[in-house]
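S.K.: quick one, structure for this:
(2 chains)
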Amino acid sequence: MQTADLLPLVLVLAAVAYGFAYMRSRAVAAPLGGIRNLKALPAYYAARAALWCAIPALIILGAWAAFEGKVIQNMVMASLPAELMPQSAGHASLTLSQISNLAAGKLNPAMVPDGISSAAVLLQELREQSSRFKSLLVVLIAVLGGTFAWTRVAPTINARKSVELTLQRLFFVCAAVAILTTIGIVFSVIFETVRFFGKVPMSEFLFGTNWSPQTALRADQVGSEGAFGVIPLFTGTLMISAIAMLIAVPVGLLSAVYLSEYASPRMRSVVKPLLEMLAGVPTVVYGFFAALTVAPFIRDLALMLGLEASSQSALAAGLVMGIMIIPFVSSLSDDVINAVPRSLRDGSLALGATQSETMKNVIFPAALPGIMGGILLAASRAIGETMIVVMAAGLAANLTANPLDSVTTVTVQIVTLLTGDQEFDSAKTLAAFALGMMLFIVTLLLNVIALKVVRKYREQYD
Amino acid sequence: MTKPGSHAEREGSQAELIRRSLKRRYRKERRFRLYGITAISIALFSLVILFTDIISKGYTGFIKTTVTLEVHLDGELMYLNDASDPEQIAMADFQAPIIKAMQAYFPEATSRADRRELSRMTGSYASNQVRDLLKENPDWLGTTRTIEFPAHDTVSVYVKHSGDPGYSIRLSEQQQRWTDELLSKGVIDTGFNDVFFTSGDSREPSNAGILGALVGSLLTMGITLVIAFPVGVAAAIYLEEFAPSNRLTDFIEVNINNLAAVPSIIFGLLGLAVFIGLFGMPRSVPVVGGLVLALMTLPTIIISSRAAIKSVPPSIREAAEGIGASKMQVVLHHVLPLAMPGMLTGSIIGMAQALGETAPLLLIGMVAFIVEIPDGFFSSATVLPVQIFIWAGSAEQGFVELASAGIMVLLAFLITMNAFAIWLRKRLERRW
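M.R.: As a prediction, the model looks like this:
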């Protein structure tokens, strides 16, 4: 049976265990004079049986399903005769897909060497065996667990305590998923990055000014080396993010100021949701807008002014990214401005300052740390933004300061390197993970600093 | 003693000074206000431009151009005498009867070049359409049938967009004349694009639809919801109600806050390395996409669920504890039901974010060209935003309007979800 079918089966078994334990607890209680003589309500005995039935079985099932494919793959590959043993990772994935296509009946067995077709037979066999063992083991564990808990329905045992403890531990595991995710991210980028630095020296990566990751397919091709200098990607990312921040910070900040200080409640209730709508638009929509409307417009405008502009200019991507970030800046600054104590504002107004003077000389300085935190968060979002730049910025890694030129960014390169042909071992693929690691570190640093600043600022007025 | 007059005089001059500066200060005040209004106008103006641009580009995506022909399914012409024989079907020429049917309107078009141009009036899959019809109804062979074909992309662009500077007309003069004539005869016609809502992707814009991506999105969102909602709520309950204040709890909280701000593409790398690389799961399937999006939305759900739990007043907890409920009973029987509306609202907003997310799905291979409508969690699929991305980057002109039409569909879903969340909050939220 497949994992998808086993999952409901385990749940059904758990329900059955629940029912049996419920009945047994009532039966046990009956001679004693009713369920009030039990240590816990029948539902708790029943729930305990269901948990005993489901949890171990689901753990086994999850672990098996997670590693089944990989283990079978390795066993099949190991069974290949020496002359068919793949030499490279690319070859290995080719052989593997050949074997699995053969096993699925999509390929004519006459067209491949004997070793491959016998491997396909082995693959089929192993899959069936694994599936049989898995089903058997999971059902057995579920039944055993359920039965064990069923035998332990007794008036002297407090089932509520154990059920509650188990639930609490389950809740903890769910909370720990956040840690697991972080660990997963860190390890998935670190491993590949270390392998990448085995192929390309770190100094070349960090300080190289030439990025052309196309490695040659054949050894005798021209320019087969590939260059992995990250500087042009960095400057490209910085340029686009800087343009975005130049749009988003003034517009977002001034909107927030106006909305919190001048706007009538009615205007606020209309404008704020509209601004938030800007934040809810998916990035692919902004990308479409940037690539098909803004970029051609900017190119035509530049031509009219007698300037040379690329049809994938950094300006177009940055401009649209700025629009995307406006609501982010405005809502964060709005929060911060509203957190400034009323007394500061009233004091300034009572001294005869106008509203704008109060804003500029009292509230703004008081809110500055919080606003800086918000701007840092917005910057980290701009740096990590992917779809707008994938669709509207270019692929060529130009080291330029001209916003009308086409530049590329870290995120664009990650997507390009990983959506083309798939070799898990080439420097090209690994480079994407190294870029991912840099991106992760930079955004993490920005976030940590921003959160610290914001928290410190909040404490100041709490 | 100073003279009384001079004091008053000095005061008067100071008041004068202030009065004079007032004008300047008020001017500054007005200017500051103006800046604010300008900023808001810029933001709202961009919103309006964005929406008008999408709608003006995309409404034609909901219109299809069709060519309806009386096709005589002549066996001799197609080299076919038995439509139930798969071998003959594989060899037959299904383009010929379509060209013949077109020639009924333009008898003068007989040269090779003319025939080629005629065949490029109907979409590239017109012959496949005839083949499939004959496969289904072998007895149609030799009869004359009225068949509605999608028009060729170039014809469709000409019909819908002639005069629009954003499109270039790629029809020959002759084809333009033909199209005009067929339009006046009602052979070429426009109508509501039902194909767009009933089919998967295609290389030909007139055959491409959004249903495949829609189903893919639903499957992916299903997985995301099933994982992210229970795990998120459970994590929030633990952190709010049970977590001891120690280093581990602090570490979990820091992790959640940071994950909320990690760029989405990093989650794509995680999915690629862990789910596909380590666990050997297949590429481009909704299960992997759903898992990745679940991890991505988890922080949003946890943060909003915690806020919902926090908003339940302590008096409820104290009352329940007072009549002897255990901590877990207090939480499950009293706090959770009261916090549920807030949790649901936060989750719907998180799901809306996940629905619009593209970047991580590109990395796990959900960007493949997939014609079939996915039929399960393990079949290759794509999702709405990725489909829009694919179409936006396609060469044929017809795909641009499809991409904008797809954006409208996506936005309609997002607006519905957000409106539902707001309605839910208004409806179920309790003020304490």
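S.K.: can you name the residues of the stretch 101-250 of chain A that neighbour chain B?
M.R.: Applying C-beta under 8 Å from any C-beta of the partner chain, one finds that the stretch 101-250 of chain A approaches chain B through A:160, A:164, A:167-168, A:170-172, A:174-179, A:181-182, A:184-185, A:187-189, A:191-192, A:250. Where C-beta positions appear, they are placed from N, C-alpha and C, glycine not excepted.
S.K.: same thing but 6 Å
M.R.: For the stretch 101-250 of chain A, the residues found near chain B under the criterion C-beta under 6 Å from any C-beta of the partner chain are A:164, A:168, A:171-172, A:174-175, A:177-179, A:181-182, A:184-185, A:188.
S.K.: any stretches of the chain with poor pLDDT?
M.R.: Because you didn't say which chain, this covers chain A. When the per-residue scores of chain A are filtered using pLDDT under 70, the ranges that remain are A:1, A:87-90, A:215-225, A:420-425, A:458-462.
S.K.: switch to chain B, please.
M.R.: Ranges of chain B meeting pLDDT under 70: B:1-11, B:429, B:431-432.
S.K.: in it, where's the longest strand?
M.R.: Ranked by residue count and defined by DSSP state E, the top strand of chain B is strand B:63-72.
S.K.: what about the residue lying closest to A:A392 once chain neighbours are set aside, neighbour count?
M.R.: For A:A392, the nearest residue in space outside its immediate sequence neighbours is A:A290; the separation is 3.6 Å by C-beta to C-beta, 6 or more residues apart in numbering or on different chains. Using other C-beta atoms under 10 Å in any protein chain shown, the number of residues around A:A290 comes to 28.
S.K.: what does B:S119 give?
M.R.: 17.
S.K.: show me the contacts for the residue in the stretch 1-150 of chain B positioned nearest to chain A.
M.R.: When C-beta to the nearest C-beta is the measure, the stretch 1-150 of chain B has its nearest residue to chain A at B:G36, with 2.7 Å between them. B:G36 makes contact with A:L254, A:V257, A:Y258, according to C-beta atoms under 6 Å, 6 or more residues apart in numbering or on different chains.
S.K.: strands of chain A, start to end?
M.R.: Under the criterion DSSP E, strands of chain A are mapped to A:211-212, A:227-228.
S.K.: name the strands paired with the last one and say parallel or antiparallel.
M.R.: What that stands for is strand A:227-228. In its sheet, strand A:227-228 lies beside strand A:211-212 (antiparallel), with partners assigned from DSSP bridges.
S.K.: tell me where the stretch 251-400 of chain B has helices.
M.R.: Remark: helices of the stretch 251-400 of chain B, listed N- to C-terminal, are B:264-270, B:286-310, B:314-322, B:327-329, B:336-355, B:359-363, B:384-392, B:398-428; assignment by DSSP state H, counting those that start in this stretch.
S.K.: let's have these in TSV, adding mean neighbour count and distance to B:F197.
M.R.: Listed next are the helices of the stretch 251-400 of chain B as TSV, based on neighbours: other C-beta atoms under 10 Å in any protein chain shown; distance: least, C-beta to C-beta, whole Å:
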stretch	mean neighbour count	distance to B:F197
helix B:264-270	27	28
helix B:286-310	25	20
helix B:314-322	13	48
helix B:327-329	16	48
helix B:336-355	21	18
helix B:359-363	27	22
helix B:384-392	26	13
helix B:398-428	19	9
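S.K.: could you dump those helices to JSON lines with distance to B:S127?
M.R.: Written out in JSON lines, the entries for the helices of the stretch 251-400 of chain B read as follows (distance: least, C-beta to C-beta, whole Å):
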{"stretch": "helix B:264-270", "distance to B:S127": "40"}
{"stretch": "helix B:286-310", "distance to B:S127": "33"}
{"stretch": "helix B:314-322", "distance to B:S127": "70"}
{"stretch": "helix B:327-329", "distance to B:S127": "67"}
{"stretch": "helix B:336-355", "distance to B:S127": "37"}
{"stretch": "helix B:359-363", "distance to B:S127": "34"}
{"stretch": "helix B:384-392", "distance to B:S127": "24"}
{"stretch": "helix B:398-428", "distance to B:S127": "19"}
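S.K.: domain assignment for the chain?
M.R.: Going with chain A. A:3-157, A:227-461 (automatic domain parsing).
S.K.: right idea, wrong chain: chain B
M.R.: Taking automatic domain parsing as the domain assignment, the record places the domains of chain B at B:63-192, B:211-428.
S.K.: how about the closest residue to A:S406 other than its chain neighbours, what does it touch?
M.R.: The spatial neighbour of A:S406 that comes closest, neighbours along the chain excluded (C-beta to C-beta, 6+ apart), is A:G394 at 3.3 Å. For A:G394, the residues meeting the contact criterion (C-beta under 6 Å, 6+ apart) are A:Q312, A:S406, A:T408.
S.K.: any idea which of those is closest to B:W178?
M.R.: Minimum distance to B:W178 across the contacts of A:G394 is 37.5 Å, recorded for A:Q312 (C-beta to C-beta).
S.K.: wait, that closest one touches A:T408, no?
M.R.: No - at 9.2 Å, A:Q312 and A:T408 do not qualify as touching, with contact defined as C-beta atoms under 6 Å.
S.K.: so between those two, which is more surrounded?
M.R.: Just comparing A:Q312 and A:T408: by other C-beta under 10 Å the higher neighbour count belongs to A:T408, 25 against 22.
S.K.: any idea how far that one is from B:R112?
M.R.: Relative to B:R112, A:T408 is positioned 46 Å away (criterion: C-beta to C-beta, to the nearest Å).
S.K.: show me what from the stretch 51-200 of chain B comes close to chain A.
M.R.: With C-beta under 6 Å from any C-beta as the criterion, the stretch 51-200 of chain B meets chain A at residues B:D53.
S.K.: isn't A:L122 right up against A:S79?
M.R.: Yes - the pair formed by A:L122 and A:S79 meets the contact definition of C-beta under 6 Å, at 5.5 Å.
S.K.: list the contacts of residue 50.
M.R.: You didn't pick a chain, so chain A it is. With contacts defined as C-beta under 6 Å, 6+ apart, the neighbours of A:A50 are A:A14, A:A17, A:Y18.
S.K.: was after chain B, sorry
M.R.: Under the criterion of C-beta under 6 Å, 6+ apart, the contact partners of B:L50 comprise A:F289.
S.K.: tell me which element it is part of?
M.R.: Assigned by DSSP states H and E, B:L50 falls within helix B:4-58.
S.K.: next, the angle from that helix to helix B:398-428.
M.R.: Taking axes from the mean of the first three to the mean of the last three C-alpha atoms, to 10 degrees, helix B:4-58 and helix B:398-428 form an angle of 120 degrees between their directions.
S.K.: how far does helix B:4-58 sit from the chain's center?
M.R.: In terms of C-alpha atoms, centre = their mean, to the nearest Å, the centre of helix B:4-58 is found 41 Å from the chain centre.
S.K.: and A:S269, how many neighbours?
M.R.: With neighbours defined by other C-beta under 10 Å, the count for A:S269 comes to 10.
S.K.: same thing with A:A29?
M.R.: A count of neighbours around A:A29, defined by other C-beta under 10 Å, yields 18.
S.K.: that one contacts A:R36, doesn't it?
M.R.: No - counting by C-beta under 6 Å, A:A29 sits too far from A:R36 to count as a contact (8.1 Å).
S.K.: thinking again about what came up before, if we only consider the contacts of A:A50, which is nearest to A:A149?
M.R.: A:A17 (6.8 Å).
S.K.: ok now do the closest residue to the closest one other than its chain neighbours, which residues does it touch?
M.R.: By the measure of C-beta to C-beta, 6+ apart, the closest residue to A:A17 outside its immediate chain neighbours is A:G146, 3.4 Å from it. For A:G146, the contact set (C-beta under 6 Å, 6+ apart) comprises A:A17, A:A49, A:C53.
S.K.: could you report the distance from the first one to A:A43?
M.R.: With the distance defined as C-beta to C-beta, A:A17 ends up 13 Å from A:A43.
S.K.: of those two, which one has the most company?
M.R.: Looking at A:A17 and A:A43 with other C-beta under 10 Å, you find the greater number of neighbours at A:A17, namely 27 against 16.
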